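Visitor: for reference, the sequence and a predicted model appear below.
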Amino acid sequence: MRLYVHRLSPNGLKAIITAEHCGSPVELIDVDLGGGEQQSAAYRAINPNGRVPTLVDGSFVLWESNAIMQYLAEKAGERSIWPEDARSRADIARWQFWDVAHLGPAGKPFQWEYLIKAMLGLGEPDQDALAAAEAPFRACAEVLEATLAKQPYLAGERLTLADISVAATLIYAEAACMPLAHYAAVRNWRQKVSAIPAWLVARPPARAAA
């Protein structure tokens, strides 16, 4: 299997961590996003969206990070992070969908203002844009805090794909100054998830997140 990624991409990180955790025999292929490789005809032939990650397993091509995570766990028979029963899977998928629909968009203004603008030399963060982004982000943080105050992981008592998905979305929380400091349960959960062996192997160098 070939996994096309960019190692600084939170979505790419989700797939890499899952592959590492499952012991999946994937060949990691770095896509040069800065050089526009994702828009090339060759890459768009496997992912018409021009994004990462993309998994190629023989003749089967799969894009969208959460679908890739589920496929890798299913193929590896990794029931600890992707249980077999329908309700557990629905609960995990619920958090993965929530991540894409709510948390990811809420965090993007912070990444843009504090990280991407600096990388592109586009000037100082727009404080008005950040002020407008704070309430939507805190709404998501409150959902996480309320859940994690009651149980150790998002889907219950053990780590699942839900935790990998959501924690990877927050990989740059400190560097992007996301307002998470007052959410103790979220902080403790992030520390646990980021300490798993697969995360330590897959995560980008600290300097890249600064």
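Guide: The structure has been received and is ready for your questions.

Visitor: could you use CA atoms for every contact and neighbour count after this?
Guide: OK.

Visitor: what ranges do the helices span in the chain?
Guide: Ranges of helices in the chain, per DSSP state H, are 10-22, 41-44, 65-76, 86-98, 104-111, 117-120, 127-148, 161-169, 184-193, 197-202, 206-209.

Visitor: domains of the chain?
Guide: Domain segmentation of the chain under automatic domain parsing yields 2-76, 86-196.

Visitor: give me the distance from the first one to the chain's centre.
Guide: It refers to domain 2-76. 12 Å (C-alpha atoms, centre = their mean, to the nearest Å).

Visitor: what mean pLDDT does stretch 119-133 get?
Guide: Stretch 119-133 comes out with an average pLDDT of 95.

Visitor: who's in contact with residue 2?
Guide: Counting by C-alpha atoms under 8 Å, 6 or more residues apart in numbering, residue 2 makes contact with 26-29, 55-57.

Visitor: and it, how close does it get to residue 59?
Guide: 11 Å (C-alpha to C-alpha, to the nearest Å).

Visitor: hmm, back to that, closest one to residue 50 among the helices of the chain?
Guide: Shortest distance between residue 50 and the helices of the chain, using C-alpha to C-alpha, is found for helix 41-44: 5.6 Å.

Visitor: burial measure for residue 118, as a count.
Guide: 14 (other C-alpha atoms under 10 Å).

Visitor: okay, and the helix or strand of the chain with the least pLDDT?
Guide: Using mean pLDDT, DSSP states H and E, helix 206-209 stands out as the lowest-scoring helix or strand of the chain, at a mean of 42.
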